[in-house]
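Trainee: prediction below, plus the sequence it came from.
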Amino acid sequence: MIWPTLYKSTIFLSVVWILATVEEAIAALLQGRSILEGISGIGGGAPLQLITTLALMFFIYFPYFGIRSLGETMGERFLFRLFLVERREFRVVEPPFNKS
């Protein structure tokens with residue numbers, strides 16, 4: 001279950017990053033700036049900020065796709081009941097003592 005979750009998170013992060021790059025390039029062209037000026041502002045401008053932003057986005061997507069994979073594995077109804085149905089109180093049942 002971990003590999004599909006990692007795969008989906010990475011692919012989705014890549015798609016979002018590509019779309020953000022295209023968006024910034026188009027916005028720069030509409031504002032009369034060069035494409036490189038627009039793209040350089042992604043993630044805050046500095047390479048370390050870009051890496052940090054991508055890592056943060058990955059850690060946001062990872063639980064999302066993890067819960068979706070869990071739902072695919074265990075079933076949507078079970079996952080719904082696990083999160084949203086009130087549980088009853090559990091009591092410990094003592095085994096009967098043998099009186100010999």
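Mentor: Sure, I can see it.
Trainee: which residues touch the spatially most central residue of the chain?
Mentor: Per Cα atoms, centre = their mean, the C-alpha nearest to the average position across the chain is that of residue 61, at 1.3 Å. Counting by Cβ atoms under 8 Å, 6 or more residues apart in numbering, residue 61 makes contact with 8, 9, 12, 13. In short, each C-beta sits where N, CA and C put it, glycine included.
Trainee: residues in contact with the residue lying closest to the last one once chain neighbours are set aside?
Mentor: Which is residue 13. Nearest residue to residue 13, sequence neighbours excluded (Cβ to Cβ, 6 or more residues apart in numbering): residue 58, at 5.2 Å. By Cβ under 8 Å, 6+ apart, the residues touching residue 58 are 9, 10, 13.
Trainee: between the residues you listed, which is nearest residue 33?
Mentor: residue 13 (26.1 Å; Cβ to Cβ).
Trainee: can you report how many residues lie near the closest one?
Mentor: 17 (other Cβ atoms under 10 Å).
Trainee: same deal with residue 83?
Mentor: Neighbours of residue 83 using other Cβ under 10 Å come to 9.
Trainee: now swap in residue 38 and tell me
Mentor: 19.
Trainee: so it sits against residue 27, correct?
Mentor: Yes. Look at residue 38 against residue 27 with Cβ atoms under 8 Å: they come within range, at 5.8 Å.
Trainee: my guess is residue 20 meets residue 42, correct?
Mentor: Yes. In terms of Cβ under 8 Å, residue 20 counts as a neighbour of residue 42; the distance is 5.9 Å.
Trainee: how near is the residue nearest to residue 13 to residue 73?
Mentor: 22 Å (Cβ to Cβ, to the nearest Å).
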